[in-house]
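**Q** sequence-free structure coming up:
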């Protein structure tokens, strides 16, 4: 993201278009550009602005739309990954504020009564919103695997599953507009299968609210499958 002026694989290009109000994400992208150059004192200024952005999000959380809440969670995930990659410094040592912001925004997103419409028979925007949330939840859970991350405890996941549900179909996600998405959904037959990663390292098909899983792939083929169909990059690679 820093080197190639591109978006992480859990953020769709449409989300930064002029059609949606994604101010927290727009602010994040502008701040990341600040540290991608050679500006003297850029890191210090970056974290000063991140602190102010966290304070603003906490104060204005009740006013944010569903898209702004999503944008806030996406922006916070990027700040956290940068923080982990950078290590602790004199000017980024406000982890408690960063984590508190994740918690209050996530809680607001859960309590806002936003209907979940992940159907291929709905609208592209609805599907994109839910798929973005799904990919974002995977990022936060991966962070929790690498480091203790208190907000991850808000995710209620069966003990035998490490990640679930995994990101959806790659072709659907890469659709650049609703027409392409609808054409791809017709190719899929209007059916989506949910997958998860079990504690044994096996890829499983989810059904019945995750209470029933079907073994699909052995552990040795999992990495290739997930890379091809789901995520494509690790959490840290998105910033390189």
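**A** Arrived safely, thanks for sending. Source: prediction; values computed, not measured.
**Q** show me where this structure has strands.
**A** Assigned by DSSP state E, the chain shows strands spanning 161-163, 194-198, 203-207, 212-217.
**Q** tell me the residue furthest from the middle of this protein?
**A** residue 40 (30.5 Å; CA atoms, centre = their mean).
**Q** pLDDT score for that one?
**A** Note on residue 40: pLDDT of 70.
**Q** ok, residue 17 next?
**A** So, for residue 17, pLDDT stands at 81.
**Q** counting neighbours, what do you get for it?
**A** Neighbours of residue 17 under the rule other CB atoms under 10 Å: 9. From N, CA and C alone the C-beta is placed, and that goes for glycine too.
**Q** I'd guessed residue 95 sits against residue 83; true?
**A** Yes - counting by CB atoms under 8 Å, residue 95 does reach residue 83; the two are 7.3 Å apart.
**Q** hang on, residue 205 packs against residue 195?
**A** Yes - using CB under 8 Å, residue 205 is in contact with residue 195, at 6.0 Å.
**Q** the two - which one has more neighbours?
**A** Between residue 205 and residue 195, residue 195 has the larger neighbour count (other CB under 10 Å), namely 23 against 14.
**Q** the closest residue to residue 65 other than its chain neighbours: neighbour count?
**A** Of all residues not flanking residue 65 in the chain, residue 21 sits nearest, at 6.5 Å (CB to CB, 6 or more residues apart in numbering). Neighbourhood size, residue 21 [other CB under 10 Å]: 13.
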